[in-house]
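Asker: dropping the sequence and predicted coords here.
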Number of protein chains: 4
Amino acid sequence: MSEAAKRLWVEEDLGPDFRWSYRASSILFSGKSKYQEIDLVDTPTFGKVLLLDGKMQSTESDEKVYHELLVHPTLLYHPCPRTVFIMGGGEGATAREVLRHRTVEALVMADIDQVVVDACSKHLLRNTQAFADPRLKLVIADARAQLESWPHKFDVIIGDLADPLDGGPCYQLYTQEFYETVVREKLNPGGVFVTQSGPASFNSCTEVFTCIHRTLSTVFPKVLPYAQHIPSFCDTWGYNLAFTSHTQEVLKPEELDQRAAERIVGELEFLDGQTFAGLCQLNKAVRQALANEQEVYTVDSARFIHGTG
Amino acid sequence: MSEAAKRLWVEEDLGPDFRWSYRASSILFSGKSKYQEIDLVDTPTFGKVLLLDGKMQSTESDEKVYHELLVHPTLLYHPCPRTVFIMGGGEGATAREVLRHRTVEALVMADIDQVVVDACSKHLLRNTQAFADPRLKLVIADARAQLESWPHKFDVIIGDLADPLDGGPCYQLYTQEFYETVVREKLNPGGVFVTQSGPASFNSCTEVFTCIHRTLSTVFPKVLPYAQHIPSFCDTWGYNLAFTSHTQEVLKPEELDQRAAERIVGELEFLDGQTFAGLCQLNKAVRQALANEQEVYTVDSARFIHGTG
Amino acid sequence: MSEAAKRLWVEEDLGPDFRWSYRASSILFSGKSKYQEIDLVDTPTFGKVLLLDGKMQSTESDEKVYHELLVHPTLLYHPCPRTVFIMGGGEGATAREVLRHRTVEALVMADIDQVVVDACSKHLLRNTQAFADPRLKLVIADARAQLESWPHKFDVIIGDLADPLDGGPCYQLYTQEFYETVVREKLNPGGVFVTQSGPASFNSCTEVFTCIHRTLSTVFPKVLPYAQHIPSFCDTWGYNLAFTSHTQEVLKPEELDQRAAERIVGELEFLDGQTFAGLCQLNKAVRQALANEQEVYTVDSARFIHGTG
Amino acid sequence: MSEAAKRLWVEEDLGPDFRWSYRASSILFSGKSKYQEIDLVDTPTFGKVLLLDGKMQSTESDEKVYHELLVHPTLLYHPCPRTVFIMGGGEGATAREVLRHRTVEALVMADIDQVVVDACSKHLLRNTQAFADPRLKLVIADARAQLESWPHKFDVIIGDLADPLDGGPCYQLYTQEFYETVVREKLNPGGVFVTQSGPASFNSCTEVFTCIHRTLSTVFPKVLPYAQHIPSFCDTWGYNLAFTSHTQEVLKPEELDQRAAERIVGELEFLDGQTFAGLCQLNKAVRQALANEQEVYTVDSARFIHGTG
């Protein structure tokens, strides 16, 4: 790596008066699609970093944590997930984790951006095998349109979308109307839905996390929120897991571990039953924010996090 | 605030190729003591920020989280804490939280640095009342020497020290010898000890957190580790709570809530029984790192986190 | 100086994709007047730095170069300058240089900003004596109004004003109308006028330098442009010296040296006859830009350099 | 250009407490040779930028100024330069300017670094034609060894070398011994030598400029120093033009213009006789520093500018 490269830095604004900078050792890919700007940068701090519209989406150093938490609790909560639909997920890591489940027979992944998919499948070697798995049906298209018109329903639907940024490609996929008329309709009986839900720290959870939770709660009988600090996001990150079944019980840590052992190929790095039990115990400040949240996410009342898409 | 002030930034290296920068709106205090450099800076992002040797120690925006977690579980776990000793804590916030406990009759705080104490007591108004509380005995002196020579033992000892940096003033206060010959000796029967224990994320916990835990485990019969993401530290932060009693039971969330309601003046912002239960459920990666840790912290085998003191 | 101070940096944008940063060791003054933001910062790189609206105005390290070039050629070109008027100059350094001329009997300095004057006279010790000189009449008021209504004319008028920024306090003082109806009218026969004229490098001279030159050339019979690289301005800086006399000859280097020796107290650090001869030999690119300039600076067609006042 | 690219910045330290940063829109080349790190970066501020060991060497925005000043005064001062030797110059721009001279029949360029030559000849299209000119003999080898062993002498020798950095590849090529035993020996009668000579501002000229001048003055009967502000070097830059003839007269501006018109293909952008006359009038501070310089550059007493090679 060259001296000059040592002096090449990626800057990301974390707020109006706050930014971080990490050194780039090389630029693997830099391009623009119809939807967004895409960059893949190699860094000594985070390994390979995927940026969409200049915002860090995923890093080699901790993407496993983010993706294990998005995929495995969801699939493990389902009695026997055979069919899965991923909205977004172009990076390939969500598919990679889903395909570790022996029960999964068919996985549809609809990402709108061919450029993201191509860049990631070329450079993120960890996900290469997933892109080649015969169970995966990859569709480059609008996730909503695909899900809506797909001839079958699914056991599990996963929302691995960019944050709901003003003007960005994704904010409609966080609305009550979408959850009600599309997501719930396309889930088989007993089906489960999960979505990444933005920052969820005591001082950031009201940006979108609490609102997404409340929105899902108006559509699904039971919604389980959980959160984990993701270093490369510089925040605690939230998820919401929505059940179609009123009678869904909370799984005990040992039940989750048992299911993981039976169904998942290989060992998880971060998640197990006890870990998940901890992540579901949100702190008092976040629980109060969830309880106080009045707003439902609709196309008209969309709430956005800092930045524009 | 002036335009130029808008352009005044504090930079902190978070790693060799990684830094963050936050705007300073004004410099409240900037000075140097025999032990360290001390700065108090006002910022739009974090409110007032205390820096020791250029490293962020505490910010108005989230110091309550850090200090509630340091103080309250510890005191609540004790059946009736009457006497408390704080090592360090010059900022005053640890004392402030201790003094909210109605059972506390005497609090000794030994911080080595008069300059820190003076700057904080002048500028951090939230802590002013604590400095004036008649139950507080503030000693500007070496914490070890004071604790060792103090005529009485204590129900609770709290380590609110800077990280064990190479050459810094504090690393001896994290050693087995110190815990064994001083801390344990100066605790009353049933006494508890807590220490902040550095970064504790899945990818940072082996810097010092696991080693401090193991060191304490060689001295105390039971040690409870827990961790919480602190935004201004840009990481998850660890604590270790050490019990002198072999038979110490884990408190149920409702027991913790009950004790808090009885003993603490005012309501806590972040902590309650359920929150603490969650924080004690460490994730799989951290639990494995704790299990694998072989090293005991001694003066000879000291381990340091990034930076020099 | 503290470690944290070592990490305190002043950033200045030099262009939309270009900035520099220099470490501040301490903040001497930070305030806001009715007209602008004012900051005085001490730095290891430039010594004390004066910033107006976040833009570096002057530094201890090279202000002598800027001020010697503004003041001395102008006064030396006049046969015997007895009365001088400074527009702006609140920092005090222009007055300091003027007062070194033994011929000067009365100096009026009109700066609009009391806060600048107070901060500089307190912290810039090099200029303290000038502020106390009985020949100086300091007026805190609008320079135009003062000059216009002053009962006497002057031998020399000096424009030491901030750059003509859009919305800034000074751009009207660079217009043809002002030069014609005020400056020229208030000069005694044989009087000379000089104004700092912004960046004057081959690639920056068309921002305002060439336009100021052309504007002056429509009002005065002879205008002498010259330029010098000023490190702390990160550019070559331009001046325009305007003569009321059609017959003004160019002074030979030895004539300039002779006059300096007779009239100026102490020795100049940067300027002498040969130096000034060099600075008046503008390079081909700048000479062509001067020749090609068509625009005259009026209130309606004001041209601004990057930034807003 | 992508948003992330908008956030990619090149940082260069200009001093221990001073740096600048300019945005990179793309990385054209990044590599490492046996001698140094080489990077070619495209930027909105400076166009294409060549960095050696992380230090800006040349930019599209102002390399013409630097190279016109290095080449044309030198060749124009010679009565009829037929043969030219360039030490260094791998970028190709020096050769490009030399080959504009109709009198030049043979040009030898010896640069040690194939990687620099390849990257520049591929990406710096302005220089492509020069690399293909049949009069150019390009040798990838040590400049000293080539010059020493070359079978013929030259009319002009040009030193277009990196700054004399400690440990860098070039500092031996600035020594008295080299000038005496190699350069002077390889010049035809009446021959001239020029070398870039580092920063030459009133506050930077003693880094190496004055010492190079004095060293050359011990070897050549007449040495002409001159300097010009180069924006992308963030300083005024110095050159020294050394004559073998005791009787060399200073050319009048109109003589220089006359020779340029006769000999050079196309028009110069920056240089003409008047420009050069101005650049040779160094300011008082630099002239005094030249007069005061006592040191001669030898291998043992090498002086280096900030940074390491």
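Answerer: Sure thing, it's come through. Bear in mind that the values here come from a model prediction, so they are computed numbers and not experimental data.

Asker: contacts and neighbour counts: CA atoms only from here.
Answerer: Will do.

Asker: quick one, strands of the stretch 1-150 of chain A?
Answerer: Here the stretch 1-150 of chain A has its strands, by DSSP state E, counting those that start in this stretch, at A:8-15, A:18-23, A:26-32, A:37-43, A:47-52, A:55-59, A:83-88, A:106-111, A:136-140.

Asker: near chain C at all, the second one?
Answerer: No. Figure legend: strand A:18-23 not in contact with chain C (C-alpha under 8 Å from any C-alpha of the partner chain); closest approach 13.6 Å.

Asker: for that strand, buried residues please.
Answerer: A:18-23 (16 or more other C-alpha atoms under 10 Å in any protein chain shown).

Asker: of all the strands of the stretch 1-150 of chain A, which one is nearest residue D:144?
Answerer: strand A:8-15 (33.8 Å; C-alpha to C-alpha).

Asker: make CSV out of the strands of the stretch 1-150 of chain A and add distance to residue C:212.
Answerer: Shown next, in CSV, are the strands of the stretch 1-150 of chain A (distance: least, C-alpha to C-alpha, whole Å):
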stretch, distance to residue C:212
strand A:8-15, 38
strand A:18-23, 39
strand A:26-32, 43
strand A:37-43, 43
strand A:47-52, 46
strand A:55-59, 44
strand A:83-88, 57
strand A:106-111, 57
strand A:136-140, 58
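
Asker: ok, which of those strands comes nearest chain B?
Answerer: strand A:18-23 (4.0 Å; C-alpha to the nearest C-alpha).

Asker: list the helices and strands that closest one packs on?
Answerer: The helices and strands touching strand A:18-23, judged by 3 or more C-alpha pairs under 8 Å, 6 or more residues apart in numbering or on different chains; DSSP states H and E, are strand A:8-15, strand B:18-23.

Asker: hmm, 10 Å instead?
Answerer: Packing partners of strand A:18-23 (3 or more C-alpha pairs under 10 Å, 6 or more residues apart in numbering or on different chains; DSSP states H and E): strand A:8-15, strand A:37-43, strand B:8-15, strand B:18-23, strand D:8-15.

Asker: return the list of strands paired to it, each annotated with direction.
Answerer: Taking DSSP bridges as the criterion, strand A:18-23 forms sheet pairs with strand A:8-15 (antiparallel), strand B:18-23 (antiparallel).

Asker: would you list those strands in JSON lines and tack on mean pLDDT?
Answerer: Converted to JSON lines, the strands paired with strand A:18-23 look like this (pLDDT from 0 to 100):
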{"stretch": "strand A:8-15", "mean pLDDT": "89"}
{"stretch": "strand B:18-23", "mean pLDDT": "92"}
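
Asker: returning to that earlier point: check the strands of the stretch 1-150 of chain A for me and report the most buried one.
Answerer: strand A:83-88 (a mean of 25; mean count of other C-alpha atoms under 10 Å in any protein chain shown).

Asker: tell me the angle that one makes with strand A:136-140.
Answerer: If you take axes from the mean of the first three to the mean of the last three C-alpha atoms, to 10 degrees, strand A:83-88 sits at 30 degrees to strand A:136-140.

Asker: what's the average pLDDT for strand A:83-88?
Answerer: Averaged across strand A:83-88, pLDDT comes to 97.

Asker: what parts of the stretch 1-150 of chain A come near chain D?
Answerer: When proximity is defined by C-alpha under 10 Å from any C-alpha of the partner chain, the stretch 1-150 of chain A lies next to chain D at A:1-13, A:21-27, A:30-33, A:36-41, A:50-56.

Asker: list the buried residues of the longest strand out of those in chain A.
Answerer: For chain A, the strand with the greatest residue count under DSSP state E is strand A:187-199. Neighbour counts over strand A:187-199 (16+ other C-alpha under 10 Å) mark A:187, A:190-199 as buried.

Asker: counting by contacts, list what that strand packs against.
Answerer: helix A:63-77, strand A:83-88, strand A:154-160, helix A:209-217, strand A:222-230, strand A:235-243.

Asker: what do you get if the cut-off is 6 Å, keeping everything else the same?
Answerer: The contact analysis (3 or more C-alpha pairs under 6 Å, 6 or more residues apart in numbering or on different chains; DSSP states H and E) places strand A:187-199 against strand A:154-160, strand A:235-243.

Asker: run through who's touching the longest one.
Answerer: Contacts with strand A:235-243, where a contact means C-alpha atoms under 6 Å, 6 or more residues apart in numbering or on different chains, come from A:192-201, A:222-230.

Asker: how far off strand A:187-199 does that strand point, in degrees?
Answerer: Here the directions of strand A:235-243 and strand A:187-199 differ by 160 degrees (the same axes, to 10 degrees).
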